[in-house]
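Peer 1: With the sequence up front, the predicted model follows.
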2 protein chains.
Amino acid sequence: MKFEPVTIKQMARDLNLGISTVSRALHDSHEISEATKKRVVDYARKVNYIPNPIALSLRAKRNRSIGIVISQFNNPFCSQVVNGMESAFYKAGYQVSIVQTSESTEKEMKAIQYLSSRVDGLLVSISSETKSTEHLKDLYEKGMPIVFYDRICRDIPTHMTLSDNYRGAYEATRHLIGQGCRKIAFVGGAATQPIVQERRAGYLSALEDAGITVEDKWIHFLPKGGVHYVETEVAMERLLRLPRDKRPDGLLTAWDKVTADAYKYLRRHNIRMPEELALIGFSNFPLTDYVSPSLSVVQQQSEKLGEVAAGQLLALLQSKRKPLKYQTEVLMPEIIIRESSLKLKSKTEEQRAVSKIKGAKKR
Amino acid sequence: MKFEPVTIKQMARDLNLGISTVSRALHDSHEISEATKKRVVDYARKVNYIPNPIALSLRAKRNRSIGIVISQFNNPFCSQVVNGMESAFYKAGYQVSIVQTSESTEKEMKAIQYLSSRVDGLLVSISSETKSTEHLKDLYEKGMPIVFYDRICRDIPTHMTLSDNYRGAYEATRHLIGQGCRKIAFVGGAATQPIVQERRAGYLSALEDAGITVEDKWIHFLPKGGVHYVETEVAMERLLRLPRDKRPDGLLTAWDKVTADAYKYLRRHNIRMPEELALIGFSNFPLTDYVSPSLSVVQQQSEKLGEVAAGQLLALLQSKRKPLKYQTEVLMPEIIIRESSLKLKSKTEEQRAVSKIKGAKKR
DNA sequence: TTGTATGCGTTATCAA
DNA sequence: TTGATAACGCATACAA
């Protein structure tokens, strides 16, 4: 099967008119008589003429559309971000075309090649597998407006929007410490992900600031970034099989899927939260407030993030030349404390625990 | 900012060669000397030449890409479906471009117009607002391969893949009856949605088969399809404010978001499930097994659905002409019984309850 | 007021 | 082995 749309040329033949006459009539040009105009418009409607966007793009070198490169659809955080972007571009009259990389560099490259020349600009979150960004760099140097969001790429000087991953992790860890945890583990996604590294950095700083020594065995990265349950399962088993005095009493998970899977693991193995292990994790999943125990999360401002990034791209699209200065917008994630990490009931108890640590540090 | 890519013409000038020579060299044609070939290929690599897909498409009338029209990204069911489609098309060497309609007919029409001529085929789930499908019909008549999934359109004869919504609702209702519920309410999405209508039909049949009379007040549709929490909230309030003897003891929700919101409502108002109200609903949300009480769901085979629909579109893409016969693939959703609807603990008790009803019917 | 010719980036046909 | 040219669908400068 092949799509054979009506073209202007065809209509011109049918109506015994010149091609340009038809074209101008459709554009409601003043230099066409009302009679012909009506004849053309009516006929176009009758045969359901749709201008070929491909031809339009080729000619105008303008597509009135932008592309979003996303890692995983099936990730609430990502879809929330896209929602924010979509509504911003819709208002601005742009069509949005989304492609998924599934964390594969090969797919990412294909996706970007596919979108290049099809769109006027790109919103990109680079895939976790990606090492080299030559393909993007080159595109950018040729003038393609690109804005990075969430998983940014420092090699390319352009606008970017991201969450404050460092502080999110820092505050979450501090909260666990405040709850009395002293052996706090960290399970991230892929070690190669800058995002995960930042989250680890925040985690480490919080522990250092509290004077707590970290064991290497408490820190786990997942080779495939935690796409599959087993990866998290293995990490959890390693943590929980540590000898009693090394066994963690708190856990920070630094990746949405990992958070969900760690939670599942703990529930499946009847490990009580927060008594046996206090859990807080990065997550934008829905329903985390209704699981039992309810799940403490570091929640990113996903829709906002999408909107801000969209605004940056729109700015690039409108400016004549590359801007001299680039903005980096940083959004603070929300720390939502729920049952899975709440060991101390009252605020004062928490305060006391925190001050104890401070004392400990000074010693 | 504007993207200015390197073209064949430009390279031909730079290398002092003819345009067609360059083109053929890049295609590794045998009629080009190895020397020239190398010169061209090296240069192309150096300047990072990317063939312009727009021009390619215009010429070839072939895009090697397909479009997916989706209602809401931010809906686990949808993203799971897209995942299934994506992997199938990736294997087949197609790029996939996804656009969201957000349930708006206007967006849907724009999206379809945008995709027409940009893609070789379309996977469409029509938006809940959409009444007329002329835009699609016409496109289809001109030869655009279209496959409907989930929210199908009966006016257009083509392949389609969907869940057995009727049976899903029927079995879910039967389960509630088996649990001893006799006043079973139904909260759907938009009344206009054929899917919701089918689910209601299944619900009604199950009640009828069990000899249970339905009250109109037990059935609620949501004007905007339940996008916002308040819609579900209002419906729930109406149900729960009914006089004691009319107040439902069971509830079937027929839309993923509505299920989540109904669950939230019940938790927020401390209404015990299943004792005060047994809940089962259509849902592909993650974590439904870890909420407390765990949530009984009618879960669609989302990824499978995507794969099957993708297969149908690939078949259309490969066939020379419109097929004489169209397939409609129907997938049975899975009924997962969990705490929110499980009043009777043992299987035998449930059996007894069911046989009681059967007896009642015969009377 | 209408028609013809050109170019957008490519490939394919034909000629050299 | 190479190069010029037409065509894909459209808009527009220019000619009539």
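Peer 2: Happy to help now that I have it. Residues are numbered from 1 along each chain as shown, chains lettered A, B, ... in the order given.

Peer 1: Per-residue pLDDT of A:Glu34, please?
Peer 2: You'll see A:Glu34 listed with a pLDDT of 89.

Peer 1: Need phi/psi at it.
Peer 2: phi -60, psi -40 (degrees, to the nearest 10).

Peer 1: What residue spans form the domains of chain A?
Peer 2: What automatic domain parsing lists as the domains of chain A is A:8-53, A:62-158+A:302-331, A:165-300+A:334-362.

Peer 1: Next, the contact list for A:Val6, please.
Peer 2: A:44, A:47-50, B:142 (CB atoms under 8 Å, 6 or more residues apart in numbering or on different chains). Backbone N, C-alpha and C define where each C-beta goes, glycine included.

Peer 1: Tell me the one of those residues nearest B:Lys257?
Peer 2: Of all these, A:Ile50 has the smallest distance to B:Lys257: 33.2 Å, by CB to CB.

Peer 1: ok so the closest one is a helix residue?
Peer 2: No: applying DSSP: H, G, I helix; E, B strand; the rest coil, one finds A:Ile50 to be coil, outside a helix.

Peer 1: how close does it get to DNA strand C?
Peer 2: A:Ile50 sits at a distance of 18 Å from DNA strand C (criterion: CB to the nearest atom of the strand, to the nearest Å).

Peer 1: if we can go back for a sec, let's have the domains of chain A in CSV, adding distance to chain B and mean neighbour count.
Peer 2: Shown next, in CSV, are the domains of chain A (distance: least, CB to the nearest CB, whole Å; neighbours: other CB atoms under 10 Å in any protein chain shown):
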stretch, distance to chain B, mean neighbour count
domain A:8-53, 4, 15
domain A:62-158+A:302-331, 4, 20
domain A:165-300+A:334-362, 3, 20
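
Peer 1: rewinding a little: can you tell me which of the contacts of A:Val6 is nearest A:Ile280?
Peer 2: Nearest to A:Ile280 among the contacts of A:Val6, with distances taken as CB to CB, is A:Ile50, at 52.0 Å.

Peer 1: Pretty sure the closest one sits against A:Phe3.
Peer 2: No: contact criterion CB atoms under 8 Å: A:Ile50 and A:Phe3 do not qualify, at 10.4 Å.

Peer 1: Now the common contact residues for those two.
Peer 2: The contact lists of A:Ile50 and A:Phe3 share B:116-117, B:139, where a contact means CB under 8 Å, 6+ apart.

Peer 1: Inside helices: which ones of those?
Peer 2: Mapping the shared contacts of A:Ile50 and A:Phe3 onto helices (DSSP state H) picks out B:Leu139.

Peer 1: Going along the chain from the strand or helix carrying A:Tyr203, find the next helix or strand for me.
Peer 2: A:Tyr203 belongs to helix A:194-209 when assigned by DSSP states H and E. As assigned by DSSP H and E, the chain's next helix or strand after helix A:194-209 is strand A:219-220.

Peer 1: now whichever residue of the stretch 101-250 of chain A sits closest to DNA strand C: how far from B:Leu56?
Peer 2: Closest residue of the stretch 101-250 of chain A to DNA strand C, CB to the nearest atom of the strand: A:Ser117 (7.7 Å). Between A:Ser117 and B:Leu56 the distance, using CB to CB, to the nearest Å, works out to 9 Å.

Peer 1: Run through the helices of the stretch 101-250 of chain A in chain order.
Peer 2: With helices called from DSSP state H, counting those that start in this stretch, the stretch 101-250 of chain A shows them at A:105-115, A:134-141, A:165-178, A:194-209, A:229-240.

Peer 1: got the ones you listed as JSON lines, with distance to B:Ile335 and mean pLDDT columns?
Peer 2: Below are the helices of the stretch 101-250 of chain A laid out as JSON lines (distance: least, CB to CB, whole Å; pLDDT from 0 to 100):
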{"stretch": "helix A:105-115", "distance to B:Ile335": "35", "mean pLDDT": "89"}
{"stretch": "helix A:134-141", "distance to B:Ile335": "46", "mean pLDDT": "88"}
{"stretch": "helix A:165-178", "distance to B:Ile335": "38", "mean pLDDT": "98"}
{"stretch": "helix A:194-209", "distance to B:Ile335": "38", "mean pLDDT": "96"}
{"stretch": "helix A:229-240", "distance to B:Ile335": "23", "mean pLDDT": "97"}
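
Peer 1: Serialize those helices to TSV and add fields for distance to DNA strand C.
Peer 2: Shown next, in TSV, are the helices of the stretch 101-250 of chain A (distance: least, CB to the nearest atom of the strand, whole Å):
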stretch	distance to DNA strand C
helix A:105-115	12
helix A:134-141	14
helix A:165-178	39
helix A:194-209	33
helix A:229-240	42
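
Peer 1: For the ones you listed, please prepare TSV with the additional fields distance to B:Arg247.
Peer 2: Shown next, in TSV, are these (distance: least, CB to CB, whole Å):
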stretch	distance to B:Arg247
helix A:105-115	53
helix A:134-141	59
helix A:165-178	42
helix A:194-209	48
helix A:229-240	41
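
Peer 1: wait, which of those is closest to A:Val81?
Peer 2: helix A:194-209 (13.3 Å).

Peer 1: Now find how far off-centre the closest one is within its chain.
Peer 2: 20 Å (CA atoms, centre = their mean, to the nearest Å).

Peer 1: quick one: that helix to helix A:165-178, angle?
Peer 2: Angle, helix A:194-209 to helix A:165-178, by axes from the mean of the first three to the mean of the last three CA atoms, to 10 degrees: 40 degrees.

Peer 1: Only C-alpha atoms, please: export helix A:194-209 in CSV.
Peer 2: Extracted in CSV, the C-alpha atoms of helix A:194-209 (Å, rounded to 0.1, in the frame of the first residue of the first chain):
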residue,chain,number,x,y,z
PRO,A,194,26.5,11.9,35.3
ILE,A,195,23.1,12.3,37.1
VAL,A,196,23.8,9.3,39.2
GLN,A,197,27.3,10.5,40.0
GLU,A,198,25.9,13.8,41.2
ARG,A,199,23.4,12.0,43.4
ARG,A,200,26.2,9.9,44.8
ALA,A,201,28.3,13.1,45.4
GLY,A,202,25.4,14.6,47.3
TYR,A,203,25.0,11.4,49.3
LEU,A,204,28.7,11.3,50.2
SER,A,205,28.9,15.0,51.2
ALA,A,206,25.9,14.6,53.5
LEU,A,207,27.6,11.7,55.2
GLU,A,208,30.9,13.5,55.4
ASP,A,209,29.3,16.6,56.8
